[in-house]
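[1] Predicted model follows, preceded by the sequence.
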Amino acid sequence: MHRPGNEIDRLTHENMRRFLFEDIPYLRRMQDEHDAFVARMREHGVEVVYIERLLEDIMGDEAARAHLVEVVCREAGVPAIADDLAGMKHWSAGELVELLFAGVTSEEYAEHSGRRIAAAGDAEHYLLPPIPNGYFSRDPAVVVGDAVISSKMHYRERVRESVLTRAVLEHHPEFRDNIITYGGTEEPTEDRPYTIEGGDVVVLSPEAVLVGASERTRSETIEMLAGKCFTAGHAKRVYEIPIPTERAFMHLDTVFTVVDRGMVVWYSKVMEQIRYIHRYEPSDDPAHRGAVRVAEERDFVGVLRDEFETEVTLIDTAGGRKQFASREQRTDGTNTLAIAPRVAITYERNERTTAALEAHGVTCLGIDDSELVRGLGGPRCMTMPLRRS
């Protein structure tokens, strides 16, 4: 997870839409809510690690630090400042990590380094823009079994989130011996237009993965990902599920999440209108890059029933009450985080979705959300599971 930091205070009414926000959160209250969320998980036996602490750990590795900073600065179009940042002459490890999230203006860079960048524009010009979406740690990477998908983000404003997460996965001693199935540093061909974000990936079982073809994840990417997963032995079936390419449904997990084997919560207005399902299976034909698309004749519920090997209970957002379902979907009522079978963390504001879950025997652990929700993401969006029981 990433605890929201000073990058949130970089948001203004002039730039918030550029950074994919529709409102400006109050940072201190937002941090209080995030801290309470983490505390609630820890109370229930979940181990939580912060990406900012893991990044600080790898800052002592000169080569890893230099490579990370070089990639970040090149992506931002300011390679001239990479040596200053990587050299850590003017910033401590903690300050450098904070800068990678919060960005740095021309004036701030000049104050710390004594240098001015000629083409920087006014003092408030960002040499490195902030990444206020960084607290949605679900999107930059996904663990499938014992392997990792390193995401390729749709919007340039979020690319650095993947860069930072991948640096931890590739260089931190806790993770660097694991496999990156898709999106590793050494795979330059896995770039635009092959975008994929973690909110579109739902692990159904050790054998099956569900991927949403959405505003931010392309069908071509799903095919490529399936081939890599099959070749590496991390899955046997990958399903492609289309959802509307609209901001209101930016990822699959905004309209569908799993709370137990055979029990899901979904936004029926979208999920009952699925136009097609593509199933990918392993292929030895080199022309298919490891995966072949098979016509899926089952409907979505039929796929779930077979993969879960049990009947499926469908819990509708807001209990199916139309006048509330759209509102609670927009405030991430469907974006539940199951931390155990039928134990889910939810936003307190989504009272009718919570009531529907509890009516089906789900224990709901509500968290405050007045500020966290302003970025349009819920409990699942804010977490990237590393190990699952």
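    Structure received.

[2] Can you pull out the low-pLDDT segments for the chain?
    Scanning the chain for pLDDT under 70 picks out the ranges 118-124, 185-192.

[3] Go through it and flag its longest helix.
    Using DSSP state H to assign secondary structure, the helix with the most residues in the chain is helix 27-43.

[4] And it, what's buried?
    Of the residues in helix 27-43, those buried by neighbour count under the rule 16 or more other Cβ atoms under 10 Å are 27, 30-31, 33-34, 37-38, 40-41. C-beta coordinates here come from the backbone N, C-alpha and C atoms, glycine included.

[5] The following helix or strand past it - contacts with which helices or strands?
    Beyond helix 27-43 in the direction of the C-terminus, DSSP states H and E gives the next helix or strand as helix 51-58. Contacts defined by 3 or more Cβ pairs under 8 Å, 6 or more residues apart in numbering; DSSP states H and E place helix 51-58 against helix 62-76, helix 93-102, helix 159-171.

[6] Give me the contacts around the longest helix of the chain.
    In this structure, residues lying in contact with helix 27-43 by Cβ atoms under 8 Å, 6 or more residues apart in numbering are 1, 3-6, 8-9, 48, 135, 339, 345, 365, 367-372, 374, 379, 382.

[7] returning to that earlier point: make a markdown table from the buried residues of helix 27-43 and add distance to Asp177 to it.
    What follows is the buried residues of helix 27-43, written out as a markdown table (distance: Cβ to Cβ, whole Å):
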| residue | distance to Asp177 |
| --- | --- |
| Leu27 | 36 |
| Met30 | 35 |
| Gln31 | 33 |
| Glu33 | 35 |
| His34 | 30 |
| Phe37 | 30 |
| Val38 | 27 |
| Arg40 | 31 |
| Met41 | 26 |
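
[8] Quick one: end-to-end distance for stretch 83-96.
    Using Cα to Cα, to the nearest Å, one end of stretch 83-96 lies 13 Å from the other.

[9] Actually, stretch 82-92.
    Between the start and the finish of stretch 82-92 there is a gap of 15 Å, counting by Cα to Cα.

[10] And the contacts of it?
    By Cβ under 8 Å, 6+ apart, the surrounding residues in contact with stretch 82-92 are 59, 65-66, 69-70, 72-74, 96, 99, 109, 112-113, 115.

[11] Kindly report the same for stretch 206-219.
    Outside stretch 206-219, the residues within contact range by Cβ under 8 Å, 6+ apart are 144-145, 153-155, 193-197, 199-204, 222, 225, 229, 235-243, 245-247, 249-253, 256, 278, 307.

[12] Can you tell me how far the residue located most distally from the centre of the chain is from Gly302?
    When distances are taken from the C-alpha mean of the chain, Gly114 lies farthest, 36.6 Å away, according to Cα atoms, centre = their mean. Counting by Cβ to Cβ, to the nearest Å, the gap from Gly114 to Gly302 is 66 Å.

[13] Go ahead and confirm Lys152 touches Asp200.
    No - no contact is recorded between Lys152 and Asp200 when judged using Cβ atoms under 8 Å, the distance being 11.6 Å.

[14] Of those two, which one has the most company?
    Legend: neighbour count by other Cβ atoms under 10 Å for Lys152 and Asp200, higher for Asp200 (31 against 23).

[15] Just the ones of the contacts of stretch 206-219 in helices?
    Short answer: the contacts of stretch 206-219 in helices (DSSP H) are 222, 225, 229, 307.

[16] What is the neighbour count of the third one?
    By the criterion of other Cβ under 10 Å, Cys229 has 25 neighbours.

[17] Find the nearest non-adjacent residue to it, please.
    Beyond its immediate neighbours in the sequence, the residue positioned closest to Cys229 (Cβ to Cβ, 6 or more residues apart in numbering) is Ala235, lying 4.2 Å away.

[18] I figured that neighbour hits Asp146, correct?
    No - the criterion here is Cβ under 8 Å, and Ala235 misses it with Asp146 at 11.6 Å.

[19] what secondary structure does Asp83 sit in?
    Classification of Asp83 by DSSP: H, G, I helix; E, B strand; the rest coil places it in helix.

[20] What's the local residue count around it?
    13.

[21] Which strand or helix spans Leu365?
    In this assignment (DSSP H and E), Leu365 forms part of strand 363-367.

[22] now for that strand, which elements pack on it?
    Short answer (3+ Cβ pairs under 8 Å, 6+ apart): strand 363-367 packs on helix 27-43, strand 343-347, helix 351-359.

[23] For it, which strands pair with it and how are they oriented?
    If you go by DSSP bridges, strand 363-367 pairs up with strand 343-347 (parallel).

[24] could you give the angle of the partner strand to helix 27-43?
    Compare the direction of strand 343-347 with that of helix 27-43 by axes from the mean of the first three to the mean of the last three Cα atoms, to 10 degrees and you get 170 degrees.

[25] just use 329 as the starting number from now, easier for me
    That works, and once the first residue is 329, the last one we named lands at strand 671-675.

[26] With just CA atoms, put strand 671-675 into CSV.
    C-alpha atoms of strand 671-675 as CSV (Å, rounded to 0.1, in the frame of the first residue of the first chain):
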residue,chain,number,x,y,z
VAL,A,671,-15.0,-11.1,5.4
ALA,A,672,-14.9,-7.9,3.4
ILE,A,673,-13.7,-4.3,3.9
THR,A,674,-16.2,-1.8,2.6
TYR,A,675,-16.8,1.9,2.6
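
[27] tell me which residues in it are buried?
    By neighbour count, with 16+ other Cβ under 10 Å as the criterion, the buried positions of strand 671-675 are 672-675.

[28] Check stretch 408-419 too.
    For stretch 408-419, using 16+ other Cβ under 10 Å, the buried residues are 409-410, 412-414, 419.

[29] now swap in stretch 683-700 and tell me
    Neighbour counts over stretch 683-700 (16+ other Cβ under 10 Å) mark 684-685, 690, 692-697, 699-700 as buried.

[30] quick one: terminal-to-terminal distance for that stretch?
    Across stretch 683-700, the terminal residues are separated by 21 Å (Cα to Cα).

[31] likewise stretch 690-708?
    End-to-end distance for stretch 690-708: 16 Å, by Cα to Cα.
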